[in-house]
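*Asks:* Have a look at this prediction, sequence included:
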Amino acid sequence: MSSGIRVNQVVAASLFVALGSSAPAVAVVATGNLGVQIEITAECRVVSADTLNFGPHGLLVANIDATSTITVQCTSGTPYTVGLGPGTSPGATVTTRKMTGTGGATVDYSLFKDSGYLQNWGNVIPADLVSGTGDGASQAIPVYGRVAAQTTPAVGTYNDTVAIEVTY
């Protein structure tokens, strides 16, 4: 039997030499684990706010109503409130805002939380705020605006800018 083993060893050695005299590569595999993590924190943002446009009008002899939309996005499960500031015109309050035109003339208007124009929307906690709970997606919140009958100022374009305050 020893001659049979020697023949096999000689054949293996000859094959080893014929294949380039290199030993076959043996792969060694080491394993481990990679931890992966993210921390989601409460966050809200104002995605957009459409312009509240009352359109063109002559005399301000009756209520003029218009609607707009504020879109907010908050982390799922995050409670939030949305308040609206008084605007940038001098003398404005959260109950009587003012659009200012040429020469400093103004048009008074109000913002409401409801389509019945009964619930003022300002920034007084908690009465004037709109509240909700985030679901991770954008949420549209309607804004109801009214220009009440008043003395009509001079012809021109009247504007205001109202701060949106999202608290979470």
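*Replies:* Now that the structure is in, tell me what you want to look at.

*Asks:* buried stuff in stretch 50-64?
*Replies:* Leu52, Phe54, Leu60, Ile64 (16 or more other C-beta atoms under 10 Å). Backbone N, C-alpha and C define where each C-beta goes, glycine included.

*Asks:* So which of those residues belong to strands?
*Replies:* Among the buried residues of stretch 50-64, the members falling in strands are Ile64 (criterion: DSSP state E).

*Asks:* could the buried residues of stretch 50-64 go into TSV alongside distance to Gly101 and pLDDT?
*Replies:* Shown next, in TSV, are the buried residues of stretch 50-64 (distance: C-beta to C-beta, whole Å; pLDDT from 0 to 100):
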residue	distance to Gly101	pLDDT
Leu52	16	98
Phe54	13	98
Leu60	12	98
Ile64	15	98
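
*Asks:* So which of the buried residues of stretch 50-64 is the closest to Thr88?
*Replies:* If you rank the buried residues of stretch 50-64 by distance to Thr88 using C-beta to C-beta, Leu52 comes first, at 14.2 Å.

*Asks:* show me the residues around that closest one that make contact.
*Replies:* Ala66, Thr67, Ser68, Leu111, Val143, Gly145 (C-beta atoms under 8 Å, 6 or more residues apart in numbering).

*Asks:* Okay, and the second one sits in which element?
*Replies:* The reference is to Thr67. strand 64-74 (DSSP states H and E).

*Asks:* So which bits of that strand are buried?
*Replies:* Of all the residues in strand 64-74, those buried under the rule 16+ other C-beta under 10 Å are Ile64, Ile70, Val72, Gln73, Cys74.

*Asks:* again, but for stretch 131-145
*Replies:* Result for stretch 131-145 [16+ other C-beta under 10 Å]: buried residues Gly132, Gly134, Gln139, Ile141, Val143, Tyr144, Gly145.

*Asks:* which ones are touching the last one?
*Replies:* Taking C-beta under 8 Å, 6+ apart as the contact definition, Gly145 lies against Leu52, Phe54, Asp65, Ala66, Thr67, Ser68, Tyr109, Ser110, Leu111, Phe112.
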